[in-house]
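*Asks:* Sequence first, predicted model second:
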Amino acid sequence: MTEEQFKAKTVHLVPIAASLVVAFLCGYLILYAQVSVEAVTPFPDTEAGAFGNALWFVALVSVGALFIYISLRYFGLSFVSILIGFAFTAAVFLLSLFYIDIILRIIGSTGFDFEIVILAALLTFFADYCIFLAKKRVYGPVIVCVGGALGALLGASIPTLSAFLILAFLAVYDVFAVFHGPVGKIAKEGLSSLRGISLPFREIEIGLGDLTFYALFVAHALIQFGPLSAISVAVGILFGCYLSFKMLERKGLFPGLPFSIGLGFLFFALSLLASLI
């Protein structure tokens with residue numbers, strides 16, 4: 001999250017809350033359809049394996065951010081925009097395939113694979129148009145939906161111990177990446193010029209990665225622990241985001257994950273305690 005000068009207001013939470021609603025809905029679709037999602041983590045969900053999975057995700061995120069920063073420095077904005085365009089298009093197409101198939105299962109339709117691919121291609125074309133060609137007023141809702149849907153899919157495909165360690169490790173890494181690493185340097189060069197990886201809203205920029213990991217947390221809590229835990233996590237995340245915005249008033253640049261993920265864990269723990277009483 002970045003901004004030069006602004007006053008934190010609750011309205012700044014709107015896109016984050018909207019993305020969490022999308023994550024909740026997508027998580028509910030996955031639950032309702034009883035879809036078995038393959039784990040995307042390379043190691044089993046043991047203590048050692050979860051630790052390895054967390055390091056693996058942090059490495060992927062850090063290498064990706066470093067690659068974008070180096071590409072910006074040596075190849076320019078146009079080259080990076082093309083790379084982001086390809087990555088965004090692929091992500092939206094795969095998400096569309098996944099969720100269209102789930103919706104067809106729920107309504108009892110026996111759609112052919114070809115029809116699903118055509119529908120996914122049309123949705124992808126629409127998303128690409130909104131992000132890369134249309135005016136910014138249609139930009140935000142697409143980023144919100146992509147972040148929520150991608151986070152829900154990740155939340156369904158990562159085992160619990162690995163998911164919690166990944167979120168914790170990423171929150172710690174985010175502090176380094178923003179203040180001393182490539183994320184902060186990219187942000188200082190202007191995230192708004194890199195369409196597809198951030199959401200400009202009023203005076204701030206919210207990274208698509210932040211929205212995705214918030215959504216991952218909420219969707220995983222919903223799928224594995226139930227609606228009360230998911231709502232508790234969402235409340236914690238929103239409180240944490242507001243604290244982050246208050247820090248932005250003084251610092252101008254602040255990581256979006258530490259407070260939100262930390263309070264998400266706190267509220268999640270409180271919900272578990274409440275269920276035991």
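*Replies:* Here it is on my side, so go on.
*Asks:* and stretch 146-161, what's its mean pLDDT?
*Replies:* If you average the pLDDT over stretch 146-161, you get 96.
*Asks:* Also stretch 127-136?
*Replies:* Stretch 127-136 comes out at a mean pLDDT of 85.
*Asks:* can you check stretch 203-217 too?
*Replies:* The model assigns stretch 203-217 a mean pLDDT of 91.
*Asks:* Next one: Leu20 from Ser36, what distance?
*Replies:* According to CB to CB, to the nearest Å, Leu20 stands 24 Å off from Ser36. Just so you know, the C-beta spots here come from the backbone N, C-alpha and C atoms, and that holds for glycine as well.
*Asks:* Who has more neighbours out of these two?
*Replies:* Leu20 (28 against 8; other CB atoms under 10 Å).
*Asks:* The more buried one is in contact with Ala215, isn't it?
*Replies:* Yes - Leu20 lies in contact with Ala215 (CB atoms under 8 Å); the separation is 6.4 Å.
*Asks:* And Gln224, how close does it get to Arg202?
*Replies:* Taken as CB to CB, the span from Gln224 to Arg202 is 34 Å.
*Asks:* got it, and Phe245?
*Replies:* 11 Å.
*Asks:* Next, show the common contact partners of those two.
*Replies:* Common contacts of Phe245 and Arg202 (CB atoms under 8 Å, 6 or more residues apart in numbering): His12.
*Asks:* Look at those two and report which has more neighbours.
*Replies:* Counted by other CB under 10 Å, Phe245 and Arg202 do not tie: Phe245 has more neighbours, with 25 against 11.
*Asks:* Not counting sequence-adjacent ones, nearest residue to the more buried one?
*Replies:* Ala8 (3.6 Å; CB to CB, 6 or more residues apart in numbering).
*Asks:* quick revisit: find residues that contact each of Leu20 and Ala215.
*Replies:* Common neighbours of Leu20 and Ala215 (CB under 8 Å, 6+ apart) are Gly148.
*Asks:* Where does the prediction get shaky in this protein?
*Replies:* Within the chain, the stretches with pLDDT under 70 are 1-5, 110-112, 136-137, 188-193.
*Asks:* how does it look with 50?
*Replies:* 2-4 (pLDDT under 50).
*Asks:* Strands of that one, start to end?
*Replies:* For the chain, applying DSSP state E gives strands covering 198-201, 204-207.
*Asks:* So which elements touch the last one?
*Replies:* Right, strand 204-207. If contacts are counted by 3 or more CB pairs under 8 Å, 6 or more residues apart in numbering; DSSP states H and E, strand 204-207 sits against strand 198-201.
*Asks:* just to revisit the earlier point, dihedrals phi and psi, the residue nearest to Phe245?
*Replies:* phi -70, psi 130 (degrees, to the nearest 10).
*Asks:* how about the helices in the protein?
*Replies:* 14-33, 47-75, 77-107, 113-132, 139-157, 160-179, 182-190, 208-225, 227-251, 258-276 (DSSP state H).
*Asks:* Can you add distance to Ser198 and give these back as JSON lines?
*Replies:* Shown next, in JSON lines, are the helices of the chain (distance: least, CB to CB, whole Å):
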{"stretch": "helix 14-33", "distance to Ser198": "11"}
{"stretch": "helix 47-75", "distance to Ser198": "12"}
{"stretch": "helix 77-107", "distance to Ser198": "10"}
{"stretch": "helix 113-132", "distance to Ser198": "11"}
{"stretch": "helix 139-157", "distance to Ser198": "8"}
{"stretch": "helix 160-179", "distance to Ser198": "13"}
{"stretch": "helix 182-190", "distance to Ser198": "9"}
{"stretch": "helix 208-225", "distance to Ser198": "6"}
{"stretch": "helix 227-251", "distance to Ser198": "15"}
{"stretch": "helix 258-276", "distance to Ser198": "16"}
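*Asks:* Let me know which of these is the nearest to Val40.
*Replies:* Among the helices of the chain, the nearest to Val40 by CB to CB is helix 139-157 (4.7 Å).
*Asks:* And the closest one, how far out from the chain middle?
*Replies:* 6 Å (CA atoms, centre = their mean, to the nearest Å).
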